[in-house]
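# Fold the following.
(2 chains)
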Amino acid sequence: MSSDEDQGTIRTPISQRPEWADIEPVPQHDGPNPVVAIAYTDEFVETMDYFRAIYLGNELSTRALHLTAEAIKLNPGNYTIWQFRRQILEALGTELHEELDFVEQIAAASSKNYQIWHHRRWVADKLGPEAVAKEFEFTKKCFDQDAKHYHAWCHRQWVLQAFGGWENELNYCQRLIEDDIFNNSAWNQRFFVITRSPLLGGLEAMRTSEVSYTINSIKAHPENESPWRYLRGLYKNDLQSLATDPLVASICLEVLNTKSNLVHALNMLLDLVSHGLQASEGLRNVVDSLVLDSAPSDLDMARKISLVLELVDPMRANYWRWRRSTVTAQTAPFQNVEGITGLTL
Amino acid sequence: MGELVVEKHTKYIVTVEKSKDSFESVVMEHLRLNGAYWGLTTLDIMGKLDVVDQDEVVSWIMQCQHESGGFGGNIGHDPHLLYTLSAIQVLGLFNKTDVLDIDKVANYIAGLQNADGSFNGDIWGEVDTRFSYIAICSLALLRRLDKINVEKAVEYIVSCKNVDGGFGCTPGAESHAGQIFCCVGALAITGSLDRVDKDLLGWWLCERQLKSGGLNGRPEKLADVCYSWWVLSSLIMIDRVHWIDKDKLIKFILDCQDKEKGGISDRPDDAVDVFHTYFGVAGLSLLEYPGLKPVDPAYALPVDVVNRIFFSK
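Residues are numbered from 1 along each chain as shown, chains lettered A, B, ... in the order given. Next up is the predicted model:
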C-alpha cells in the first residue's frame, strides 16, 4: 500500500496519496512557548500529523496499520504509536507471523529500545509455543551483532520460561562463551539455565561439572571476573564448601604462581581463608613472595592477602583495607588455634 | 581537567533541541517530560532553576495528564509510569505538587501493581523492576505508599537479586547498574535495605570503575557518564561509596564536558545530550563537587526539594 514499504523507493508525501485525501492532519500542540522548542523534519511532522488524525479518530484500519509502520520507522521509540498498532492488529485480526517480520525489520535499524521488545513479546505471547523457534532465531541474530544485548537476553529468558525450549540452551551458552569468554551475559544465561532448566536437575546436580568447566575458563583468562563470580555462585549459600573444594584452592595457587592477573585469585583466596581454608604450604609461600618486605612478618594469611590486594588494585584500596579490617576481626581470635580454624567458622 | 562550566551547561539546557532537523529533537518528542526532568533537575542542582518560567512548565505538564491520572511523555501521548514519575518530580522541583489530584495519580499507579508484587509500566503489561522503582518513588513523593502492597513489591524486587549481589529487570536477568539503582532505590525508600547483600553488591559496584576513572554498567562494557549516577547513587544508598576512587571519577566526568557549547557526553569527545548532562552533574553532586546542591540518591531530586516535600505541612 504505502510507497515507503520498500527501501530505496522515493517517498510520496502522505498529503499527495489519494487514499489519505479524506483525512485532515492534526498538528502537534506543544503549548505556548514550550520549555524546549523542538524542530522537526518535514517528513516526521507530516507523518505524525496524519497519525494524530487517525489516533484521535480511533481509526482501526489497514491504511492506519500501514501509517503506524511509517511512523514507527521514523521513531521506533514512540510508545503511543506501538500501542495504537497493537489495537489495530487486534481489531483487524491480522496474521501475526508477518508482524514478527515487521519487528525484525525495525530492530535491524535500532534494536535498543524497550518498545520493540515489548511489542515483540506481545506478538510472541499471542502466537504461543509455535513462536519459540523464531524467537530463538531472532535473539540469535541480535547476539550476532551484540552478544550482551540486554533486551534480547531478557526476551530469550521469557521465551524459555513461557514456552520451553531448554534442550539446547546450555550448549548455546557454551558456544557464546567460546566466542567471547568475557561475555558476562552468556555466563549469566548459563547460571539461569543450570538453576532453572527443568531438564538438568538443579544447581547441586550440576555443580561438579560446572566447577570443572569454570576452572578451565579461569585458567584461560584469570583476569576475567565473570567465571570467578560464577564459581562463587555455584556455591551459593554454602561458602564453607567452596573453601573446602580442593579444585578452587588449586586454581588460586596456579594463577598466583604466574605472578600476573592476581586480583581475582587473591580475592577468592581471601574468601577461602575467611571461610576456613587452611592454606597449603604452596599458597603460603606464594603469598609471602608477593608481600612487601616492609610488611610486619607476624601477619596472618588473610591480612597478608589484603595487603597485597591494596598494592595491586590501588583504585579500590579502601575496599581491600575494609576487607582486611573485617577479616582480622573474624579470624584473629582463632588464628593461633592450629587446625580448628575451619571448624569454628 | 578544568572545572564544571556551569554557565555553559545552563545555556545548553535552555537552548537544547532548537537546532533544526536534529535527530535528537525528533526522537525526544514522545519523552519530552523525561527531558524536562533531566534538564530542570540539572538546572536546580546548579542553582539555575530561576531561568525557567515555572508557570508555563506546570501548565504544559498538566496538559500531559490523562483522565486515568497517568501522564504521557508529551501532550497527546498515552500515559505511562515513566512520565508520571517525571511529572511528579518536576512539580516537586517547583513546589507545585499541590496542583495534582494526588489520589487520582496515586490510584493510577497503584492500579498497575500485579499479584506477585511487580508493576506494569502501563495498561499493556510490560513488567520490569524499573517500574517497581518508579511506582514506589512516585507514591512516596505523593505520600501515598499505603495504596500498594509494599511487602509484595519488596518481595518481587528481592526475587530479581542475583548471586553477584546485583539486580536485573526480571528474575534471572543479568545484573545491570541501571536496574540496581532502581531496586536499591525502591528498597531504600521502603526501608528494606536489609534485603541487600551490601558488601557483595558494593564490591560488584566498585569493580565497575575502570582505569580511566569512569564507571561501566556491566562487566567488560565501556565506561559511560550515566553510570556515574546509577552506580554512585547505589553505592551511597548502601554506604559503600568510599570503595571507589572519587577523584578519578570526577576527572572522568569533567573530561566529558563540551567546554565551548556546554553539555556533557557519555565519554570524552562524544556528542553531548541532556540525559548525560543530568547524569554528569548529578554524579558530581553525589561526589560533593563544590557549588552544587546535594542530591538525594534514592529520589533523584535535590535534597532540599525532598525535605520540602516530606517536612512541609
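
# For B:P302, give me phi and psi.
Note on B:P302: its backbone torsions stand at phi -60, psi 140 [degrees, to the nearest 10].

# For it, give me the pLDDT.
Looking at B:P302, its pLDDT stands at 98.

# how far away is the closest residue to B:L81 other than its chain neighbours from chain A?
Leaving aside its chain neighbours, B:L81 sits nearest to B:I134 (4.6 Å; criterion: CB to CB, 6 or more residues apart in numbering or on different chains). (Glycine included, C-beta is placed from N, CA and C.) Distance, B:I134 to chain A, by CB to the nearest CB, to the nearest Å: 13 Å.

# is it true that A:R85 touches A:T68?
Yes. Assessed by CB atoms under 8 Å, A:R85 is found in contact with A:T68 at 4.2 Å.

# tell me the secondary structure for the residue nearest to B:L81?
Following DSSP: H, G, I helix; E, B strand; the rest coil, we place B:I134 in the helix state.

# Give me the residues contacting stretch B:298-313.
B:41, B:44-45, B:89, B:92-93, B:95, B:97, B:137, B:140-141, B:143, B:185, B:188-189, B:229, B:233, B:237, B:282, B:293-296 (CB atoms under 8 Å, 6 or more residues apart in numbering or on different chains).

# Verify the contact between B:A36 and B:Q89 for me.
No. Counting by CB under 8 Å, B:A36 stays clear of B:Q89, with 9.3 Å between them.

# ok, those two, which is more surrounded?
Neighbours per residue, other CB atoms under 10 Å in any protein chain shown: of B:A36 and B:Q89, the larger number sits with B:A36, 27 against 23.

# measure the more buried one to chain A for me?
Distance check for B:A36 against chain A: by CB to the nearest CB, it reads 6 Å.

# so how far is A:I251 from that residue?
To A:I251, B:A36 is 52 Å away according to CB to CB, to the nearest Å.

# what's the burial count for residue 300?
This is for chain A. Neighbours of A:D300 (other CB under 10 Å): 16.

# meant chain B, my bad for not saying
Using other CB under 10 Å: B:A300 sits among 20 other residues.

# ranges for the helices of the stretch 101-250 of chain A?
In the stretch 101-250 of chain A, the segments counted as helices under DSSP state H, counting those that start in this stretch are A:114-127, A:132-145, A:150-163, A:169-179, A:184-196, A:202-220, A:225-234, A:239-244, A:246-257.

# which residues of the stretch 201-313 of chain B fall in strands?
For the stretch 201-313 of chain B, the strands defined by DSSP state E, counting those that start in this stretch cover B:295-296, B:301-302.

# hmm, back to that, residues near the residue nearest to B:L81, how many?
By other CB under 10 Å, neighbour count at B:I134 equals 26.

# quick one: contacts for it?
B:L81, B:L82, B:T84, B:L85, B:F119, B:C182.

# and if you look at A:E95?
Per CB under 8 Å, 6+ apart, neighbours of A:E95: none.

# Mind pulling the model confidence for it?
For A:E95, pLDDT reads 90.

# Near residue 253, how many residues? Count them for me, please.
You didn't say which chain, so I picked chain A. Neighbour tally, A:L253, other CB under 10 Å: 18.

# was after chain B, sorry
For B:I253, using other CB under 10 Å, the count is 25.

# on that earlier part again, distance to B:D269 and mean pLDDT for the helices of the stretch 101-250 of chain A - can I get that in a markdown table?
Output for the helices of the stretch 101-250 of chain A, formatted as a markdown table (distance: least, CB to CB, whole Å; pLDDT from 0 to 100):
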| stretch | distance to B:D269 | mean pLDDT |
| --- | --- | --- |
| helix A:114-127 | 28 | 95 |
| helix A:132-145 | 24 | 96 |
| helix A:150-163 | 25 | 97 |
| helix A:169-179 | 30 | 97 |
| helix A:184-196 | 27 | 98 |
| helix A:202-220 | 34 | 97 |
| helix A:225-234 | 28 | 97 |
| helix A:239-244 | 44 | 93 |
| helix A:246-257 | 36 | 97 |
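
# picking that back up, which pair in the contacts of B:I134 spans the largest distance?
B:T84 and B:C182 (15.1 Å; CB to CB).

# Please check the contacts of stretch B:298-313 and keep the buried ones.
B:41, B:44-45, B:89, B:92-93, B:97, B:137, B:140-141, B:185, B:188-189, B:229, B:233, B:237, B:282, B:293, B:295-296 (16 or more other CB atoms under 10 Å in any protein chain shown).

# Looking at the residues you listed, which are in helices?
B:41, B:44-45, B:89, B:92-93, B:137, B:140-141, B:185, B:188-189, B:229, B:233, B:237, B:282 (DSSP state H).

# now, which of those residues sits nearest A:A147?
Nearest to A:A147 among these, with distances taken as CB to CB, is B:W229, at 25.9 Å.

# Pretty sure B:F181 is one of the things that closest one touches, is it not?
Yes. The criterion here is CB under 8 Å, and B:W229 meets it with B:F181 at 7.3 Å.

# my guess is A:C142 contacts A:S110, does it?
No. The criterion here is CB under 8 Å, and A:C142 misses it with A:S110 at 11.6 Å.

# Would you point out the helix or strand in chain B whose mean pLDDT is lowest?
Of all helical and strand segments in chain B, the minimum by mean pLDDT, DSSP states H and E falls on helix B:23-28, at a mean of 56.

# For A:L277, list the residues it contacts.
So A:L277 contacts A:A243, A:T244, A:A249, A:L269, A:G342 (CB under 8 Å, 6+ apart).

# hmm, try it at 10 Å
A:240, A:242-246, A:248-249, A:252, A:269-271, A:283, A:301-302, A:341-342, A:345 (CB atoms under 10 Å, 6 or more residues apart in numbering or on different chains).

# Neighbours of residue 208, how many?
Going with chain A. 12.

# um, chain B though
The number of residues near B:R208, taken as other CB under 10 Å, comes to 23.

# Repeat that for A:G201.
Number of residues near A:G201 (other CB under 10 Å) recorded here: 10.

# okay but it is in contact with A:I194, surely?
Yes. If you go by CB atoms under 10 Å, A:G201 and A:I194 touch, sitting 9.1 Å apart.

# Chain B contacts on the stretch 151-300 of chain A?
Residues of the stretch 151-300 of chain A that fall close to chain B, judged by CB under 10 Å from any CB of the partner chain: A:151, A:153-154, A:157-158, A:160-161, A:180-189, A:191-193, A:195-196, A:203, A:224-226, A:229-230, A:232-237, A:263-264, A:267.

# how about 7 Å then?
Residues of the stretch 151-300 of chain A lying close to chain B by CB under 7 Å from any CB of the partner chain are A:153-154, A:157, A:182, A:184-185, A:188, A:191-192, A:196, A:225-226, A:229, A:232-233, A:236.

# Kindly give a single ChimeraX line that selects the buried subset of these.
Here is the ChimeraX command that picks out the buried ones among these, judged by 16+ other CB under 10 Å:
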select /A:153,154,157,182,184,185,188,191,192,196,225,226,229,232,233
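
# Just the closest of the residues of the stretch 151-300 of chain A next to chain B to B:W124, please.
The shortest approach to B:W124 among those belongs to A:C154, at 16.1 Å (CB to CB).

# Next, the contact list for the nearest residue to the closest one once chain neighbours are set aside, please.
Leaving out its chain neighbours, the residue that sits closest to A:C154 by CB to CB, 6+ apart is B:A173, at 5.2 Å. Contact partners of B:A173, counting by CB atoms under 7 Å, 6 or more residues apart in numbering or on different chains, are A:W153, A:C154, A:Q157, B:C160.

# Please identify the helix or strand for the nearest residue to the third one once chain neighbours are set aside.
Spatial nearest neighbour of A:Q157, chain neighbours left out: B:G172 (5.5 Å); criterion: CB to CB, 6+ apart. Taking DSSP states H and E as the criterion, no element holds B:G172; it sits outside all helices and strands.
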